[in-house]
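> Any chance you could fold what I've pasted below:
(one chain, ligands or ions: 1)
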Amino acid sequence: MHLVGTSHQGGYSHEAVVYALQKCGIRHIDTAKRYGCESHLKEAIRESGVPRQDLWITTKLWPSDYGYEKALQACRESCERLGVDYIDLYLMHWPDAQIPGKSSREARAETWRALEELYDNGICRAIGVSNFQIPHLEQLKEDCDIIPHVNQAEYHPFQRPQELLDYCRKNNIVFEGYCPLAKGEALTHPVLIQLAKKYNKTPAQICIRWSIQNGVVTIPKSTKPKRIEQNCEVFSFTLTEEDVAMINGMHDGRHVSWDPTNIL
Ligand SMILES: NC(=O)c1ccc[n+]([C@@H]2O[C@H](COP(=O)([O-])OP(=O)(O)OC[C@H]3O[C@@H](n4cnc5c(N)ncnc54)[C@H](OP(=O)(O)O)[C@@H]3O)[C@@H](O)[C@H]2O)c1
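Residues are numbered from 1 along each chain as shown. Below is the predicted model of the structure:
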């Protein structure tokens with residue numbers, strides 16, 4: 001399955017989402033309350049004519065809605081804006097949690113218990129977290145019953161958090177990588193340009209293919225229909241092990257989104 005991101009950065013394009021659903025066979029939509037486009041997606045989904053049951057809709061809980069009751073309410077509101085009665089994957093967007101009188105760890109656990117209830121009630125088919133580091137995941141494992149089904153984290157040639165990826169694999173947490181093109185920064189790197197020439201593909205396709213070959217679920221975003229189409233054409237070629245290793249070697253630890261390393 002191929003996926004499309006819908007973040008607020010770089011803008012939302014109704015035309016691109018409808019095109020992705022109608023013409024590219026994309027069925028996984030990654031959004032968030034924070035992106036401010038859930039209600040626009042409701043329209044795009046309706047216009048596309050794709051039945052709800054064929055879609056995988058991920059949305060995210062923003063930290064200002066952390067806490068048991070607030071999380072339940074926020075999920076109901078996301079469902080309303082999206083025009084759905086269940087969410088396929090609901091993620092806690094960020095590990096920092098501020099609830100007066102509670103530690104961040106206690107606040108995360110309280111919020112997670114709301115997600116567990118949403119999962120038990122079938123309102124969320126899967127529940128997970130985003131930007132969580134190993135200590136956050138370890139604490140959640142001690143404090144709660146359900147281990148997150150997914151951890152969505154930054155993943156591209158400059159940011160390859162292998163230890164986190166290994167931890168997720170060991171604990172049966174699907175690792176979903178965001179910003180697979182490093183927000184476009186990777187596309188002008190000489191190594192990726194050279195590989196693009198070698199495979200007769202674009203640097204964007206090389207990045208997406210590399211994520212897939214490393215076993216990472218990936219959610220490239222574009223507001224341009226032709227680029228969405230291009231980003232889907234990544235299943236007709238295979239990078240050699242040496243070329244995957246060469247891209248693996250580009251990791252320099254830089255974040256192009258936010259950096260959760262120091263969140264307690
Ligand atoms: N959980 C989190 O905290 C978090 C954080 C960040 C992002 N995300 C998710 O990850 C998704 C993707 O991240 P992102 O949009 O920040 O970064 P990205 O997918 O790495 O890069 C998007 C940028 O690349 C350009 N682009 C896309 N396809 C291209 C192509 N084939 N050729 C040339 N340029 C291309 C886009 O421009 P055009 O639109 O002009 O094509 C845009 O500027 C988001 O939509 C969101 O769903 C999650």
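> Would you double-check that Ala20 falls in a strand?
No - when classified by DSSP: H, G, I helix; E, B strand; the rest coil, Ala20 is found to be helix rather than part of a strand.
> what number of residues lie near the closest residue to it other than its chain neighbours?
Closest residue to Ala20 apart from its sequence neighbours, by C-beta to C-beta, 6 or more residues apart in numbering: Ile26 at 4.1 Å. The C-beta positions use only the backbone N, C-alpha and C, and glycine is treated the same way. Counted with other C-beta atoms under 10 Å, residues neighbouring Ile26 total 23.
> Regarding Ile26, what is its secondary structure?
Recorded secondary structure, Ile26: coil (three-state DSSP).
> Please verify my assumption that it contacts Pro225.
No - using C-beta atoms under 8 Å as the test, Ile26 is too far from Pro225 to be in contact (11.2 Å).
> Identify the contacts common to those two.
Residues touching both Ile26 and Pro225 (C-beta atoms under 8 Å, 6 or more residues apart in numbering): Ala20.
> got any ranges where the stretch 101-250 of the chain has weak pLDDT?
Of all residues in the stretch 101-250 of the chain, none has pLDDT under 70.
> And the strands in it?
124-130, 150-154, 174-178, 217-218 (DSSP state E, counting those that start in this stretch).
> Kindly reformat those strands as TSV and extend each row with distance to the ligand and mean neighbour count.
Formatted as TSV, those follow (distance: least, C-beta to the nearest ligand atom, whole Å; neighbours: other C-beta atoms under 10 Å):
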stretch	distance to the ligand	mean neighbour count
strand 124-130	4	22
strand 150-154	5	24
strand 174-178	3	22
strand 217-218	9	22
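> Dump the ones you listed into CSV; add distance to Ala97 as well.
Formatted as CSV, the strands of the stretch 101-250 of the chain follow (distance: least, C-beta to C-beta, whole Å):
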stretch, distance to Ala97
strand 124-130, 11
strand 150-154, 16
strand 174-178, 20
strand 217-218, 25
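> Glu110: what's its closest spatial neighbour, skipping adjacent residues?
Once flanking residues are discounted, Glu110 sits nearest to Tyr68: 5.2 Å by C-beta to C-beta, 6+ apart.
> show me the contacts for that neighbour.
110-111, 113-114.
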